[in-house]
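A.B. asks: return a 3D structure for these sequence lines:
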Amino acid sequence: MGAEGMFGPLSGAERNGTGGAGRRAPGPKLTPIMPVSDDARPLDWHHPQCGRPVKTWLYLNADGKLVAYSARVEYVEDGERKKDVYPVLWCRVEQDGRDYCAWRAKGVPAPRPLYNLPALLASPDARIVVCEGEKPADKVAELFPGCVGTTSMGGAKSPHKSDWAPLAERHVTIWGDHDEAGLAYARECARLAIDAGAAFVAIVTIPQSWPEGWDLADPLPEGVTRQTLARLLTEAPPWAPPARSSSPHPERPDGEAVDDDAEIERLAKLSPIECDRELPGIAEKLRCRVPTLRAAVNARRSNGSAAPGQGRPLDLSDPEPWPDPVDGAELLDELVASIRRHVVLAAREADAVALWVLAVYAVDAWKIFPRLFVTAPEKQCGKTTLLDVLSRLVPKPLGVSSITPAALFRTIEAVRPTLLLDEADAYARENEDLRAVLDAGHRRDGTVIRTVGDNHEPRQFSVWAPVSLAAIGHLPGTIEDRSITVRLHRRRQDEPVESLRLDHSGGLDELARKAARWAADHRDLLVEADPTVPAGIYNRAADNWRPLLAIAAVAGGEWPDRASDVAVTLTRGSAEDDDTTRTMLLADLRELFNREPSGVLFTREILAALHKDETRPWPEWKNGKPMTDRQLAALLKDLGIKPKTVRRGSETDKGYKFEWFEDVFARYLTPLQSVTASQVRNSAAFEPPRSVTTAADVTDKHLEKSSISAGCDGVTDRRPLYRRDDAGEWPERDPEEAVWTE
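C.D. replies: Presented below is the predicted three-dimensional model:
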């Protein structure tokens, strides 16, 4: 061998000690066992220099079986603490004639499962937040309730080795580290998500002033709150692959240049149906996948470049929290004063609105949250003005004067605004689908199911969001039953109010920032709060008031007592005004039974009496005709009451007995507020009565009428009604006969 051959450069194998006569013995052959077998021993791997890992994360497959660990080790180099992350697998080890299984550090074969895959699959409607590393991915559930965090195994340089197919048709937001490598990772993950068929992909824009390399697992930068993070997440701009520069399409016979940007702009201006028709052909022309092109078109539309007639993207934001701590009781006082400065409403109603506004900022602290129903008997009572005031006070306000059921649940799923539905009497009374969506959103787990895509896949859509509705008169009972009701009346000339300028906040924006700060500082206390609900408020009414009572309890001062007083007053007002058709009928039947000492009413007598009352719907019950015996029976059937042959004295006929109604009256009607009533000797119904008591003592207008069959003067009501005296004590009474009432 010549000198040149002897002293030439070493080969790569020789340099690494793997070639030539003096090379090291080959290492063991490692065959990964994926998923890990059930008989595998607990993880006992350690790094030869760094020792045991300080933290490990599990990577599971879609069935929840362990595939591999991601193990973090730490060490000190040049006085600086550093880290490395290794994939660790359960392997079959073949070495020196031996064959056994052990945990070994080895690259996981592609395609690798995404981190937290079972949780991702178990929550098909949740927003997916892709982070750079397992540690920030674990923080997602804490920082953004309802979202699922994930990442790819192997760090920022190998996201392409993971299986991104589970992101198909999902809402995906990428939150990389705050550095150049993190941005590159975010863009690569976004591209992979779009290629996998994600329905929406966005990348969070992290403020430049934040520390270099910051991620979700790090302490919050100075002055930054969780609300700031949530706003960055929800406002993350849609991402689409950069458009290629114009270039001739190689398959075009004329060699004409294809302008990608112009095609995307043109598609964005088309209707959704027209766009879908053209997407396959244009994608082929641009030599890209249909999902990629669709994402680019959607991003262009979201940036506001769609043609006139295609609407505008929703632009909603949370107020930036106030920089200093806020006193809750003082804040509520300020809210009340500001609301009453612009709207004429009673003190208790103003208290209720202020409590509701503050509760909206912590809506996720409760499983049930009430609607705020603003009603008035006529127009020009201030309903719209009150909603305008609310729009300056609540987070992510979205004022609407008309909305369809589909638009409602899709809007809530996309941005979860605080909905301010004005003129609700025009579109919510007769729309049962819209009412169903509004009813379901009363609960945090409220959802509706719709089929999507060409395969009609059933999907859940969340409808959980704060809602205020304004209407003249009533809305369907199921909506009012889930609401705190505030009643407005037209302003008198001597009642001064300050006009609300839409171009000037008048201090309302400042109150919104204070509300955001107070709610953020006291969220844990609000979650744990279990306020005492005043006596007489129960079932759904208690559920409605519990969040507002919790706000008052945590705010302190005089507000716990004020809130209880407001709850009792407004609940009583709602109960007195809560007449459905069936409860209206029950109230009229109770009136008739209280005028008939025998406790027996014939159907013909009931109908004759009902038909005479022109203030009720019975005289023109259906198609302008009076209610019939069958229609009467149909209304009572669901209550378990049916007409039978009954006897009164020597007379028999189809009818009803009072005893059949006693339980129903107690369950569905408010207690009667009356004392004794006179009965007159006249078989003709509804003759003018004479009362045993003085006019000042009579509080029940219905009992002052004659018996249907016959009567005797000077006889008190067969079931005397009692109420507490001024000292709050009950008078002497027979518990078997008396009706107890507050």
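A.B. asks: going by C-alpha atoms from here, please, whenever you check contacts or count neighbours.
C.D. replies: Will do.
A.B. asks: so which residues of the stretch 201-350 of the chain form strands?
C.D. replies: Under the criterion DSSP state E, counting those that start in this stretch, the stretch 201-350 of the chain contains strands at 247-248, 257-258.
A.B. asks: lowest-confidence stretch among those?
C.D. replies: For the strands of the stretch 201-350 of the chain, mean pLDDT drops lowest on strand 247-248, to a mean of 44.
A.B. asks: all strands of the stretch 601-742 of the chain, in order?
C.D. replies: Ranges of strands within the stretch 601-742 of the chain are 644-648, 651-657, 721-722, 739-740, based on DSSP E, counting those that start in this stretch.
A.B. asks: point out the most buried one among these.
C.D. replies: Of the strands of the stretch 601-742 of the chain, the one with the most neighbours on average (mean count of other Cα atoms under 10 Å) is strand 721-722, at a mean of 19.
A.B. asks: got a pLDDT number for Gly304?
C.D. replies: 50.
A.B. asks: again but with Glu729, I slipped
C.D. replies: 46.
A.B. asks: give me the buried stretch members for stretch 398-412, please.
C.D. replies: Within stretch 398-412, the residues scored as buried using 16 or more other Cα atoms under 10 Å are Leu398, Gly399, Pro405, Leu408, Phe409, Thr411, Ile412.
A.B. asks: next, the distance between the ends of that stretch.
C.D. replies: Stretch 398-412 stretches 10 Å from its first residue to its last (Cα to Cα, to the nearest Å).
A.B. asks: about what we covered before: ok, which of the strands of the stretch 601-742 of the chain comes nearest Arg191?
C.D. replies: The minimum distance between Arg191 and the strands of the stretch 601-742 of the chain falls on strand 739-740, with 70.5 Å, by Cα to Cα.
A.B. asks: pLDDT below threshold where in the chain?
C.D. replies: The chain contains residues with pLDDT under 70 at 1-26, 242-258, 302-312, 454, 503, 573-580, 672-742.
A.B. asks: domain ranges for it, per the record?
C.D. replies: Following automatic domain parsing, one finds the domains of the chain at 42-109, 117-234, 247-305, 328-491+507-576, 581-740.
A.B. asks: possible to save those as JSON lines with distance to Pro319?
C.D. replies: Converted to JSON lines, the domains of the chain look like this (distance: least, Cα to Cα, whole Å):
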{"stretch": "domain 42-109", "distance to Pro319": "37"}
{"stretch": "domain 117-234", "distance to Pro319": "9"}
{"stretch": "domain 247-305", "distance to Pro319": "22"}
{"stretch": "domain 328-491+507-576", "distance to Pro319": "5"}
{"stretch": "domain 581-740", "distance to Pro319": "43"}
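A.B. asks: so which of those domains gets nearest Ala240?
C.D. replies: Nearest to Ala240 among the domains of the chain is domain 247-305 (4.7 Å), distances taken as Cα to Cα.
A.B. asks: grab the nearest non-local neighbour of Leu286.
C.D. replies: Leaving out its chain neighbours, the residue that sits closest to Leu286 by Cα to Cα, 6 or more residues apart in numbering is Asp260, at 6.8 Å.
A.B. asks: now Arg647
C.D. replies: In space, and not counting its chain neighbours, Arg647 is closest to Asp653: 6.8 Å by Cα to Cα, 6+ apart.
A.B. asks: bridging residues for that neighbour?
C.D. replies: On the basis of DSSP bridges, Asp653 is bridged to Val646.
A.B. asks: and it, what does it touch?
C.D. replies: With contact taken as Cα atoms under 8 Å, 6 or more residues apart in numbering, Asp653 is in contact with Phe602, Thr603, Thr645, Val646, Arg647.
A.B. asks: now the end-to-end length of stretch 197-206.
C.D. replies: This stretch, stretch 197-206, spans 25 Å end to end (Cα to Cα).
A.B. asks: now, which of the buried residues of stretch 398-412 sits nearest Glu74?
C.D. replies: Comparing these against Glu74 with Cα to Cα places Ile412 closest, at 44.3 Å.
A.B. asks: what helices or strands is the longest helix seen in the chain leaning on?
C.D. replies: In the chain, assigned by DSSP state H, the helix with the most residues is helix 508-528. Contacts defined by 3 or more Cα pairs under 8 Å, 6 or more residues apart in numbering; DSSP states H and E place helix 508-528 against helix 328-342, helix 347-360, helix 383-393, helix 539-555.
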